[in-house]
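**Student:** Pasting the sequence and the predicted model now:
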Amino acid sequence: MTAQFISARARRTGVALGAMSAGLLALSACDKPTPLATLTVGTDTVHSEATCYNDGESLGGDEELKKCLNDTDGRKSITVSPDDKIHFGVDPEIADNGWTFYIEGQRVEPQPDKNTYRTFPASAFFSSQSGEPIKTVNLSIVETSEKKRAVTGVWNFELKNKSLT
């Protein structure tokens, strides 16, 4: 009776190749994470992946943008006092294209900004024309592509007014 024996080294090599192949297959099934947007108030920080993102390509027309701006799934909240400063940070990938704020679904800046970091007083987001106090503000960071003249990403946040909660 003759039996073939595989050397220990050959078995280890085969197992390593199989594990590497399985790992590569698993990685190929994963989605690449979207760039992050971050809000910091004092020592509190919230990070968010995009609500809508198409890897730098256009999200579509106005209807798609409206849908993204109104999407509440995954919207991150942070509580702020009107006296606080809010620090906004975006990944360099977002800043390279340019980004702007939308409040309650309305664009509030005429031109996209290309900085990765900006700071504003919280009171700028909680002032109303009627003088009524504002309890919450839906704020979106919207990435735009000047080359494609299109919206390419939306990150949604909710600012809660500490003095009214």
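**Tutor:** Structure received.

**Student:** Run a quick check on Pro112 versus Arg149, I expect a contact.
**Tutor:** No - if you go by Cβ atoms under 8 Å, Pro112 and Arg149 don't touch, sitting 11.0 Å apart. C-beta here means a position set from N, CA and C on the backbone, and glycine is covered the same way.

**Student:** Show me the strands in this structure, by range?
**Tutor:** In the chain, the segments counted as strands under DSSP state E are 37-41, 44-48, 52-53, 76-80, 85-90, 99-103, 106-107, 117-121, 136-145, 150-161.

**Student:** Start and end of stretch 70-89, how far apart?
**Tutor:** 21 Å (Cα to Cα, to the nearest Å).

**Student:** and it, which residues are buried?
**Tutor:** 75-76, 78, 80, 82, 84, 86, 88-89 (16 or more other Cβ atoms under 10 Å).

**Student:** Any idea how many residues pack against Asn54?
**Tutor:** 15 (other Cβ atoms under 10 Å).

**Student:** And Phe157, by the same measure?
**Tutor:** 21.

**Student:** Tell me how far it lies from Leu139.
**Tutor:** 5 Å (Cβ to Cβ, to the nearest Å).
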